[in-house]
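1. Need the 3D shape of this:
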Amino acid sequence: MNKKPNLKDVAKVAGVSAITVSRVLSNPDKVSEKLRAKVEQAVHEIGYIRNHAASALASRRSGVIAVIIPSLSNIVFNDVLQGIYSAVKQHHLQVVLGDCHYSPLEEEKLIATLLSQSPEGFILTGTDQTDYARKLLLQSGIPIVQLMELSDCPIDMNIGFSHFNAGVDITNHLLQKGYRKLGFLGARMDTRTQQRLAGFKKAIADFKQPCQSYVVTTTQSSSIRLGGQLLQAVMAESQGQCDAVFCCNDDLALGALFETKRMNLKVPADIAICGFNDLEASALVEPAITSVASPRFEMGQQAVELLMTASGQDKTHKPPIDVGYRIVERAST
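-> Model (predicted):
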């Protein structure tokens, strides 16, 4: 990893002394706006981390690992967190947690804040961090794990599965069941949802028999209520012809299922429904919903173990770890 910038590096770029840089960072209100802007520009340019625990950083034994997830309200990430917390207990560590609300810029700010607390390692959700966030993480000198999806060029270590391939496979599941007028229901449209949509489109394009597809998406947050609204939209777009829907997550799938009852549609006779993430509720409704399952709890556990290995004697490069997924077929298809 690259050398971590220090105060002298900031001073050199800003054209001032290290003492001046320290004064600006410690008491920004007591210096001129021009000087403050010059130093802050240098800090941003080289990716300097404002460290409030220098002694902890020197020993790299702060006793904490940093974790950022996109949403505390999404049960999918709760499963990952449970895996992380179960693993850190064995290493006598604490978790410093941040919620970036699916915002890359908010994630960038959280990364800078959490790095200033000298964590021993960092766990991030996804692989689409900003360039500046990647710079901060690379220059931090600590082990990094990106999880939930796979990357050809991870920052450090990577564990997840292919959402694109999962999208292909679940769509092929519907096609193999004989459905030919397929809809995709998508919300939020984060990178993992976009990969699932790309897989849906790929499966449709590669299918050897005539079929039609309908895509209805929104940037709104996912919810059960929204699932019903999106089902209404796809039925309107297809003039009532859509005979199967791939929902980007189980919240939407549950909403779509409830909406079919209001629309007097039988599942799966009139329309099939499948979701993604295999939440507990999907197995409990009637009919139970087909979904894509992945080992989220185990991913969280393994991410911690990767950090602990990398912070010890093993400094070798590790290729991305594909934990895989499986289609859980139920009555809805």
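
2. hey, let's count contacts and neighbours off CA atoms from now on
-> Noted.

3. just checking, C247 touches C274?
-> Yes - between C247 and C274 there is a contact at 6.1 Å, judged by C-alpha atoms under 8 Å.

4. what touches both of those two?
-> Overlap of the contact sets of C247 and C274 (by C-alpha atoms under 8 Å, 6 or more residues apart in numbering) consists of A253.

5. and the two? which has more neighbours close in?
-> Ranked by neighbour count (other C-alpha atoms under 10 Å), C247 and C274 place C274 first, with 35 against 30.

6. got the contact list for the residue nearest to S213 when sequence neighbours are not counted?
-> Spatial nearest neighbour of S213, excluding adjacent residues (C-alpha to C-alpha, 6 or more residues apart in numbering): L182 at 4.8 Å. By C-alpha under 8 Å, 6+ apart, the residues touching L182 are C211, Q212, S213, Y214, C242, D243, A244, V245, F246.

7. Write the ChimeraX selection for whichever of those are buried.
-> This is the ChimeraX syntax for the buried subset of these, where burial follows 16 or more other C-alpha atoms under 10 Å:
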select :213,214,242,243,244,245,246
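
8. Let me have the contacts of L182 in a markdown table, extended by pLDDT and secondary structure.
-> What follows is those, written out as a markdown table (pLDDT from 0 to 100; DSSP: H, G, I helix; E, B strand; the rest coil):
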| residue | pLDDT | secondary structure |
| --- | --- | --- |
| C211 | 96 | coil |
| Q212 | 97 | strand |
| S213 | 98 | strand |
| Y214 | 98 | strand |
| C242 | 98 | coil |
| D243 | 98 | coil |
| A244 | 98 | strand |
| V245 | 98 | strand |
| F246 | 98 | strand |
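
9. Which of the contacts of L182 sits closest to D128?
-> Closest approach to D128 among those (C-alpha to C-alpha): F246, at 24.1 Å.

10. Would you enumerate the residues in contact with that closest one?
-> I170, T171, L182, G183, F184, L185, A253, I273, C274, G275.

11. Show me which of those is closest to H91.
-> Scanning the contacts of F246 for proximity to H91, where the rule is C-alpha to C-alpha, the winner is G275, at 36.0 Å.

12. The closest one: how many residues sit nearby?
-> G275: 28 neighbours (other C-alpha under 10 Å).

13. List the buried residues of the helix or strand hosting K261.
-> Assessed by DSSP states H and E, K261 sits inside helix 250-262. Within helix 250-262, the residues that qualify as buried are D250, D251, L252, A253, L254, G255, A256, L257, F258, E259, T260, counting by 16+ other C-alpha under 10 Å.

14. quick revisit: now the angle between helix 250-262 and the helix or strand harbouring the residue nearest to S213, please.
-> In the assignment (DSSP H and E), L182 maps to strand 181-186. Orientation check (axes from the mean of the first three to the mean of the last three C-alpha atoms, to 10 degrees): strand 181-186 against helix 250-262 gives 130 degrees.

15. Would you list the strands that strand 181-186 pairs with, along with their directions?
-> strand 212-217 (parallel), strand 244-247 (parallel) (DSSP bridges).

16. Could I get those in a markdown table, plus columns for distance to V13?
-> Formatted as a markdown table, the strands paired with strand 181-186 follow (distance: least, C-alpha to C-alpha, whole Å):
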| stretch | distance to V13 |
| --- | --- |
| strand 212-217 | 46 |
| strand 244-247 | 50 |
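
17. Out of those, which is closest to T309?
-> strand 244-247 (37.5 Å).

18. Quick one: name whatever helix or strand follows the host helix or strand of M308.
-> In this assignment (DSSP H and E), M308 forms part of helix 296-310. Downstream of helix 296-310, the next assigned helix or strand under DSSP H and E is strand 321-322.

19. what's across from the residue nearest to I321 when sequence neighbours are not counted in the sheet?
-> Distances taken as C-alpha to C-alpha, 6+ apart place I159 nearest to I321, at 4.6 Å, with adjacent residues excluded. Under DSSP bridges, the beta-bridge partners of I159 are L147, I321.

20. Tell me how the chain divides into domains.
-> The chain breaks down by automatic domain parsing into domains covering 1-48, 53-161+298-324, 163-293.

21. before we move on, the earlier item: quick one: which of the strands paired with strand 181-186 is nearest P28?
-> Across the strands paired with strand 181-186, closest to P28 is strand 212-217 (C-alpha to C-alpha), at 44.8 Å.

22. Following the closest one in sequence, what is the next regular element?
-> helix 224-237.

23. Give me the contacts around that next one.
-> Around helix 224-237, the neighbours that count as contacts under C-alpha under 8 Å, 6+ apart are 183, 185, 214-217, 241-242, 251-259.

24. re earlier: format the buried residues of helix 250-262 as TSV; extra columns: distance to Y85 and pLDDT.
-> Formatted as TSV, the buried residues of helix 250-262 follow (distance: C-alpha to C-alpha, whole Å; pLDDT from 0 to 100):
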residue	distance to Y85	pLDDT
D250	25	98
D251	25	97
L252	28	98
A253	29	98
L254	29	98
G255	31	98
A256	34	98
L257	34	98
F258	35	98
E259	37	98
T260	39	98
